[in-house]
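Q: Sequence first, then the predicted structure:
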Amino acid sequence: MSTTTSRTPEPDGSAEGPVRPARLIQNESTTEIPVHLLFRDEPDPAPVPVRTTVVARRKGTGEQPRLRPPGPLRPRPAPEVDPELTERPARVLPGAAGVLAGSGGLAGGAVTAWWAGALPPVAVAALGLPAQAGAGLGPAQWAAFAGAGALSLVGFGGLARGRAGRAWVLGLFGRYRGTVRRTGLMWVNPLLLRRRVDVRLRHWRGEPMPAADGNGVALRVVTLVVWRVRDTARATLGVEDHEAYLRECVEAALARVPVEPPGGAQGSADAAEAALTRLVAADAAPVGLEVFSVRPVRVEYAPEVAAAMHRRRIAALDARQRASVLTSVVDSVEDTVTRLTMRGLVELDDYERKVLVKDLTVAFCSGRGESGP
């Protein structure tokens, strides 16, 4: 523990010990800290959280505000996906089962008609059935007809043909029941609602969409998107129209990524393509779409700035051409004067050299102007 000893000042205003200076800040306050607290060992001090705040200055102290560095940016959380909307295989039977069931229903109907005596003699002879006196259409016969008809409808009504690159999304009373990716003849429950989905690799060429370059100049960009449906359940049931959703994702990405204007560098175009592909793929993944590339195939200025940018581009090309011509003329004049003096053909003083350079420059410029760029 530390002890603090205070000395009483003498009547003449002097003190025996060191005198504490007068306060410079009106609101200043001091607090005594024990010595053992200053030298206390803490092996694992608790981390101090850093807050992104601005410490304001105290009123009347003259203290300037202090800025604290902001923390790292947090990534945008991905939208939650309903676990029910995850593609899973549906239960289907081979097509032979449906054909057998339908054929059995037809055969049962024929036998019931023979039993009721409703079959013509020609049909009885053709089917090879023994002649029998008809029992009439009673409740038993009608029940047999109903059962045979239902079996035939279920057997033939559930037949479906699967094709390569196409899938069936099945639903029953608004609930997802699975996806069929098989090919060939199969039997599907006829009570299930079927939605055909194209799962092949597809490309979509969009209409001109608004965009901007690095300087904020308005552009119109036509993109080529290569994509496919990866999860049929999310693509069909997760959004109303997955193609329209993809189009909106491309438009949103173009609003965030600067696109290189016509005649720009190839490296900037590749960087813009990579950024567009990354953004669109991240936005389309939660709805079951897989995006491979988003490539700007045509970039042009917007109609409201096209005329001004065309004049600016022509002026830049003209200035570049003039600079190239001037550089070529200066090199030619320098080469001519150097050869004349090095070979001793002429002896020129400063004034004559200037006159010769002037005449050669005018001649070369006139010749370049007549011959054209």
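A: Everything's here; your move.
Q: In this structure His203 contacts Leu224, no?
A: Yes: shown here, His203 and Leu224 form a contact pair, counting by C-beta atoms under 8 Å, at 6.2 Å. C-beta coordinates here come from the backbone N, C-alpha and C atoms, glycine included.
Q: give me every residue that touches Val257.
A: 211, 272, 275-276, 279 (C-beta atoms under 8 Å, 6 or more residues apart in numbering).
Q: would you turn the residues you listed into TSV with secondary structure?
A: Output for the contacts of Val257, formatted as TSV (DSSP: H, G, I helix; E, B strand; the rest coil):
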residue	secondary structure
Ala211	strand
Ala272	helix
Ala275	helix
Leu276	helix
Leu279	helix
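Q: Find the residue at the geometric middle of this protein.
A: Centroid check for the chain by C-alpha atoms, centre = their mean gives Val280 as the closest residue, at 1.0 Å.
Q: before we move on, the earlier item: mind putting the contacts of Val257 into JSON lines with neighbour count and distance to Val357?
A: Listed next are these as JSON lines, based on neighbours: other C-beta atoms under 10 Å; distance: C-beta to C-beta, whole Å:
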{"residue": "Ala211", "neighbour count": "25", "distance to Val357": "50"}
{"residue": "Ala272", "neighbour count": "25", "distance to Val357": "48"}
{"residue": "Ala275", "neighbour count": "16", "distance to Val357": "52"}
{"residue": "Leu276", "neighbour count": "26", "distance to Val357": "54"}
{"residue": "Leu279", "neighbour count": "19", "distance to Val357": "58"}
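Q: Between those, which sits nearest Leu137?
A: Proximity of the contacts of Val257 to Leu137 was ranked by C-beta to C-beta; the top entry is Leu279 with 70.4 Å.
Q: coming back round to it: from the contacts of Val257, which is closest to Tyr351?
A: Comparing the contacts of Val257 against Tyr351 with C-beta to C-beta places Ala272 closest, at 57.7 Å.
Q: Would you confirm that that closest one contacts Pro258?
A: Yes: counting by C-beta under 8 Å, Ala272 touches Pro258, with 6.9 Å between them.
Q: lowest-confidence helix or strand of this protein?
A: Lowest mean confidence among the helices and strands of the chain (mean pLDDT, DSSP states H and E): strand 54-55, at a mean of 44.
Q: so what's the backbone phi/psi at Glu304?
A: For Glu304, the backbone dihedrals (degrees, to the nearest 10) come out as phi -70, psi -20.
Q: The helix or strand that contains Trp142 - contacts with which helices or strands?
A: In this assignment (DSSP states H and E), Trp142 forms part of helix 139-157. Secondary-structure packing of helix 139-157 (3 or more C-beta pairs under 8 Å, 6 or more residues apart in numbering; DSSP states H and E): helix 95-116.
Q: got the angle for the helix it packs on vs helix 139-157?
A: 160 degrees (axes from the mean of the first three to the mean of the last three C-alpha atoms, to 10 degrees).
Q: Who are the packing partners of helix 95-116?
A: helix 121-127, helix 139-157, strand 159-162, strand 184-187.
Q: Can you pull out the low-pLDDT segments for the stretch 251-373 of the chain?
A: Applying pLDDT under 70 to the stretch 251-373 of the chain flags residues 262-266, 306, 309, 367-373.
Q: Which parts of it are helices?
A: Counting by DSSP state H, counting those that start in this stretch, the stretch 251-373 of the chain has helices at residues 266-284, 303-342, 350-371.
Q: between those, which gets nearest to Glu251?
A: Checked against C-beta to C-beta, the stretch from these lying closest is helix 266-284, at 9.9 Å.
Q: Dump that closest one to CSV, keeping only the CA atoms.
A: Extracted C-alpha coordinates of helix 266-284, given in CSV (Å, rounded to 0.1, in the frame of the first residue of the first chain):
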residue,chain,number,x,y,z
GLN,A,266,-9.5,-7.4,-72.2
GLY,A,267,-8.4,-7.9,-68.6
SER,A,268,-11.2,-5.6,-67.3
ALA,A,269,-13.7,-7.5,-69.4
ASP,A,270,-12.6,-10.8,-67.9
ALA,A,271,-12.7,-9.4,-64.4
ALA,A,272,-16.3,-8.1,-65.0
GLU,A,273,-17.3,-11.5,-66.3
ALA,A,274,-15.9,-13.3,-63.3
ALA,A,275,-17.6,-10.9,-60.9
LEU,A,276,-20.9,-11.2,-62.7
THR,A,277,-20.7,-15.0,-62.7
ARG,A,278,-19.9,-15.1,-59.0
LEU,A,279,-22.8,-12.8,-58.0
VAL,A,280,-25.4,-14.4,-60.1
ALA,A,281,-24.3,-18.0,-59.1
ALA,A,282,-24.6,-17.0,-55.4
ASP,A,283,-28.0,-15.5,-55.8
ALA,A,284,-29.4,-18.4,-57.9
